[in-house]
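Participant: pasting the structure only:
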């Protein structure tokens, strides 16, 4: 199994300013390759302290120069906030600078504060994403971009530096809604699964995605990449305490950033699947219930418990990769490092050997 880690640069907690967040998160990033992680990921968000990485490709370029072999993944580049021609150039440049180690992750965004900040029409985000992704992916394969869509217009221009290897098989997208999953299948893109809904619903949507992928691409869909928020502690009681405090705290930041306590998603075109989540948050006792639900989807406990939870979720969706987030919600950086090291020492070797044994048995 491929095992990665992600930095999210979450701020806004007492006694930790933005500079301290960056200094400490970058230090954790420097541990990823020596500890044996296969990949290092970053997210893109703007304007708030929810996560403070406004340019995930710049962040990954920094680590391209500080590492030798680890893969570098975007989780995700949010296309409706970008000119797709520039994304094509930046992606190709990063791939050259990392010697082909980049994993391209794409998404369409949800935060109203971000769409408004860029003057982007959120209700057109799905259509813009589809057109941008099509232009980008075609361009990266042929070395130039050209597109005449309703929202995306691009005269023919070369991508320089010219892409030197295919992005097929290393392009993924974050898909939460069933509609988005179908779009990814038609574009031939793999899925990034960031747990936010019951696994039964994820499994059903994956089945539909795989069917569309087979019909459209004529091949089996790639295995998805699973991500999760991790608390790995050798003391079971402390693991539960830390999970409630920090994973629960992270979920509260999600509610705030995406305004789930509001009503705007009830009428927003293209985001129909989020109405149920917003209703659940706004229901009596919804906050507490949703925290417990979110905790049930994440990876926390002793090393053995973490290992078993990862196997359960990866087997449910046929994944062959897991990416863990180890620092978030104002967690003390000493504990964040211990969290990461405990996982790397006790859980990661077992995950890697599990996949190899499974493959060998199949052969």
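Facilitator: Here it is on my side, so go on. All figures in this text were calculated on a predicted structure; none of them were measured in a lab.
Participant: C-alpha from now on. contacts and neighbour counts both.
Facilitator: Noted.
Participant: and whichever strand or helix holds residue 41, which strands flank it?
Facilitator: According to DSSP states H and E, residue 41 maps onto strand 39-42. When pairs are called by DSSP bridges, strand 39-42 turns out to pair with strand 2-7 (parallel), strand 71-74 (parallel).
Participant: Give me the helices and strands touching the next helix or strand after the shortest one, please.
Facilitator: Using DSSP H and E, the helix or strand that directly follows strand 71-74 along the chain is strand 77-78. Under the contact criterion of 3 or more Cα pairs under 8 Å, 6 or more residues apart in numbering; DSSP states H and E, the helices and strands touching strand 77-78 comprise strand 102-107.
Participant: Can you list the buried residues in whichever helix or strand comes after the strand it packs on?
Facilitator: Sequence-wise, the next helix or strand downstream of strand 102-107 (DSSP H and E) is helix 112-117. By neighbour count on 16 or more other Cα atoms under 10 Å, the buried set for helix 112-117 is 112, 114-115.
Participant: cool, stretch 33-49 as well?
Facilitator: By neighbour count on 16+ other Cα under 10 Å, the buried set for stretch 33-49 is 33, 37-46, 49.
Participant: Can I get these in JSON lines including pLDDT?
Facilitator: Formatted as JSON lines, the buried residues of stretch 33-49 follow (pLDDT from 0 to 100):
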{"residue": "33", "pLDDT": "98"}
{"residue": "37", "pLDDT": "98"}
{"residue": "38", "pLDDT": "98"}
{"residue": "39", "pLDDT": "98"}
{"residue": "40", "pLDDT": "99"}
{"residue": "41", "pLDDT": "98"}
{"residue": "42", "pLDDT": "98"}
{"residue": "43", "pLDDT": "98"}
{"residue": "44", "pLDDT": "98"}
{"residue": "45", "pLDDT": "98"}
{"residue": "46", "pLDDT": "98"}
{"residue": "49", "pLDDT": "97"}
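Participant: Now do the same for residue 330: helix, strand or coil?
Facilitator: Here residue 330 is recorded as coil under DSSP: H, G, I helix; E, B strand; the rest coil.
Participant: ugh, wrong one, I meant residue 353
Facilitator: Residue 353 - assigned by three-state DSSP - is helix.
Participant: list the contacts for it?
Facilitator: Residue 353 makes contacts with residue 1, as judged by Cα atoms under 8 Å, 6 or more residues apart in numbering.
Participant: circling back: between strand 2-7 and whatever helix or strand comes next after the strand holding residue 41, find me the angle.
Facilitator: Downstream of strand 39-42, the first helix or strand assigned by DSSP H and E is helix 56-64. Angle, helix 56-64 to strand 2-7, by axes from the mean of the first three to the mean of the last three Cα atoms, to 10 degrees: 110 degrees.
Participant: Can you list the buried residues in helix 56-64?
Facilitator: Of the residues in helix 56-64, those buried (16+ other Cα under 10 Å) are 56-57, 59-61, 63-64.
Participant: Also stretch 285-299?
Facilitator: For stretch 285-299, using 16+ other Cα under 10 Å, the buried residues are 286-287, 290-291, 294-295, 297-299.
Participant: Tell me which residues are up against that stretch.
Facilitator: Residues outside stretch 285-299 that contact it (Cα under 8 Å, 6+ apart) are 195-198, 228-232, 243-244, 247-248, 251-252, 280-281, 306, 309-310.
Participant: any idea of the mean pLDDT for the helix or strand harbouring residue 209?
Facilitator: Assigning secondary structure by DSSP H and E places residue 209 in helix 199-217. Averaging pLDDT along helix 199-217 yields 89.
Participant: one step back: of the contacts of stretch 285-299, grab the buried ones for ChimeraX.
Facilitator: Applying 16+ other Cα under 10 Å to the contacts of stretch 285-299, the buried members can be selected in ChimeraX as follows:
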select :195,196,228,229,230,231,232,243,244,247,248,251,252,280,281,306,309,310
